[in-house]
Each structure stands twice: as structure tokens, then as C-alpha cells.
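Colleague: build me a structure from this.
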Amino acid sequence: MAGRGGIRSTSFKKGSNPIKAKGTKHKKTILKEAIGLKNWDSLKEFIEGKGAGKLVTEMNKLTGRNYVIAYSTLAEFVKPKLARTTLEGDPNKPLFTQPLSDAQIDKVLSEIRKIHDAKAS
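Modeller: I've put the predicted structure just below:
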């Protein structure tokens, strides 16, 4: 039985990639060069100009489920989900003034139970 941990015929040599030849451009780089983007400013201009027009054209072609998925995905860039926002308060006016006491917690829980029981009935 051959020893373990040594160089085998299946081992990759450091710095080599058997899938992609050295100097081959990444797909993102090829795409970026194809539409003439060189830096962040040109990307911003593309998104606000030609890219926006093409997006509207493509969105108008969508129907049904595909439209809903695309719309909801894009909507998050306009109005982020609450879970992805941070709450920041004024240091002089904290968001939460004091923790609830045990009695207050019990009262809230009893109200929730009443609502739940009323819906279940």
C-alpha cells in the first residue's frame, strides 16, 4: 500500500489550475470588456444609462411568475427588507428606555394568549 500524504499523480502543483490556462480571462472580465467598462464610474454610467433602458425593456417582456420574482428582487434595492436595516437611536433619546418588568411581560403574554384563544375558537 502506498504511503499517505505525499505527492500523488492526482495532486495539483501550487499555482497551477488544470481547468483554466494561465492568462485566461474570467467571465466577468470578458463581459465587462465587451460592454466597455473600465472602472466603477463607467459601470455606474452604464447602469444608469443603457443598462436601465435594457432592464425596463426586458422587464416588460416578463409575465407571471418570472415577473413577480424579478420585481420582488429589484424592489429590495429601492426599499430594503426591515431585517436588512439597522435601527439607530439618538444617544439622548434611546430607542428602548427601560427593560420590561416581569409583571409587564406576564401582562403582554396574557393578552397574546387571549387573542390566540379567540382566533382558535
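Colleague: so Gly36, which of the three states?
Modeller: On the three-state scheme (DSSP: H, G, I helix; E, B strand; the rest coil), Gly36 is labelled coil.
Colleague: quick one: it and Leu43 touch, right?
Modeller: No - when contacts are counted by Cβ atoms under 8 Å, Gly36 is not listed as touching Leu43 (10.3 Å). (Each C-beta comes from the backbone N, C-alpha and C, glycine too.)
Colleague: burial check on Thr63, number of neighbours?
Modeller: 8 (other Cβ atoms under 10 Å).
Colleague: and what of Ser110?
Modeller: If we define neighbours as other Cβ under 10 Å, then Ser110 has 10 of them.
Colleague: so how far is Lys28 from Ser42?
Modeller: Separation of Ser42 from Lys28 (Cβ to Cβ, to the nearest Å): 15 Å.
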